[in-house]
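Q: Following is a predicted model, sequence given first.
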Amino acid sequence: MRGWMGKFRSLFLFSALALFLSGCSGVDNVSALKPKGYSAELLFNLMMISIAIMLFVFIIVMVIYAFVLVRYRQRKGQEDMIPKQTEGNKALEVIWTVIPILLLLVLAVPTVQATFDLADRSKQDDKGTLTVEVTGNQYWWHFNYADQEIATSEDLYIPTGERVYLNMKSSDVIHSFWLPSIAGKMDTNPGENMNTMYLEAYDEGVYTGHCAELCGPSHSLMDFRVIAVSPEEFKQWKEDMKNVDPKAKPESTSAQEGQELFNKNCMSCHAIGNAAAGVGPNLTNYGNRTKIAGILEPTKENLVDWITNNNEIKPGNKMPMNLVSKEEAGKIADYLLQMKDTEITPESAGGSDNK
Ligand code: HEC
Ligand SMILES: [Cu+2]
């Protein structure tokens, strides 16, 4: 009994793990197996073609294998029997050379087509197309809508049904921008070597992405979200972002004090409005963020925690801790969280917890 259990224990564990992991695929908007955008669909179809070909070959080989095992097994009383030997059958040789060539062609043609399609930039410079500069940083993503004078971080807003081109680089080490349900994956490199890709989301929604290149101790916390809204809403969002006045007085006194504290302690690295930020993210309309620093739920408590304790949350990140007291951080949080667009929110695009 023990031996039996021992033998199967790893199998049990493995099945349990597989069940557990397959639970992840129930989560929407973060799976390459549930494509919600043009590139992701292209990649998904390629995957399906290769799996179909693989299955086809596997089944045929298995059928022949089983047939041979049964048909030519050693039988009682015929121990010395040797079946008829065949060597150099021309027809067979041709068949098993031609079939793999055909299969490879079936695989290669769409793959090469898709490769060129995914790299297609012929329309990037057309009038009206949107290009976003993406910069990977340890451990956050900067999104600059260059010709729009809008910058943000972690939450990238795009219009649905349109190609949005990304010009991608890194400010430090190599990162990789991976958005499984909308597009594939693209490295961001330091230096002059700029990579590009495009996003085309079919439906409104909040889509989660990850950094897919080990970049330091907090690599696994380098998440981001792409928020696809209708083209009209996107236009509105742009206007709203542009019209944020960093000097506007918030309503509550706590937020007003927070604003002063923020301007004094944080502006050297951060920015509100279209001013260029320093080494930190632009925090315009921070109250709309789906997460804090890409990972924490956007509550006041978490924001205070981030401001006073961020190196415990994201080890090795470049924001200093203890710039302000906990009490002051509370006021700053009040200021940052009240600054929001009430019309175009992640919720209006389909909720914020489609992790
Ligand atoms: C020395 C530069 C620097 C200073 C000063 C600084 N920060 Fe930061 N801040 C950063 C960097 C870099 C990040 C990105 C951290 C990461 O996610 O890896 C960041 C991230 C943040 C975030 C999360 C941004 C997001 O996209 O969710 C908030 C909020 C924030 N800082 C608030 C503050 C506040 C409030 C202060 C002042 C008390 C402050 N910061 C001072 C550099 C700075
Ligand atoms: Cu990374």
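A: On my side now, so go ahead. Numbers count the residues shown, from 1 in each chain. Ligands and ions are numbered 1, 2, ... in the order given.
Q: Can you pull the residues of this structure lying near ligand 1?
A: 139-140, 153-154, 262, 265-266, 268-270, 279-281, 283, 289, 292-293, 306-307, 314, 317-320, 323-324, 332 (Cβ under 6 Å from any ligand atom). Glycine gets a C-beta too; all of them are placed from N, C-alpha and C.
Q: SS state for residue 135?
A: Taking DSSP: H, G, I helix; E, B strand; the rest coil as the rule, one finds residue 135 in the strand state.
Q: quick one: the residue in the chain sticking out farthest from the centre and residue 70, what's the gap?
A: Relative to the centre of the chain, and counting by Cα atoms, centre = their mean, the farthest-placed residue is residue 77 at 64.4 Å. According to Cβ to Cβ, to the nearest Å, residue 77 stands 17 Å off from residue 70.
Q: Quickly find the element holding the residue farthest from the centre of the chain.
A: Counting by DSSP states H and E, residue 77 is held by no secondary-structure element, helix or strand.
Q: mind pulling up the phi and psi values for it?
A: Main-chain torsions, residue 77, degrees, to the nearest 10: phi 80, psi -10.
Q: Let me see the contact set for residue 136.
A: 142, 168-172, 174-177, 188, 211, 215, 222 (Cβ atoms under 8 Å, 6 or more residues apart in numbering).
Q: Specify the local secondary structure of the nearest residue to residue 303 once chain neighbours are set aside.
A: Distances taken as Cβ to Cβ, 6 or more residues apart in numbering put residue 333 closest to residue 303, at 4.1 Å, once the chain neighbours are dropped. Assigned with three-state DSSP, residue 333 falls in the helix class.
Q: Burial check on residue 333, number of neighbours?
A: Number of residues near residue 333 (other Cβ atoms under 10 Å) recorded here: 25.
Q: just checking, what packs against the longest helix along the chain?
A: Counting by DSSP state H, the longest helix found in the chain is helix 38-71. If contacts are counted by 3 or more Cβ pairs under 8 Å, 6 or more residues apart in numbering; DSSP states H and E, helix 38-71 sits against helix 90-118, strand 195-199.
Q: Quick check: which helices or strands does the last one pack against?
A: In other words, strand 195-199. Applying 3+ Cβ pairs under 8 Å, 6+ apart, one finds that strand 195-199 contacts helix 38-71, strand 164-170, strand 185-188.
Q: Same question for the longest one: list its buried residues.
A: What that stands for is helix 38-71. With burial defined by 16 or more other Cβ atoms under 10 Å, the residues of helix 38-71 counted as buried are 38-44, 46, 49.
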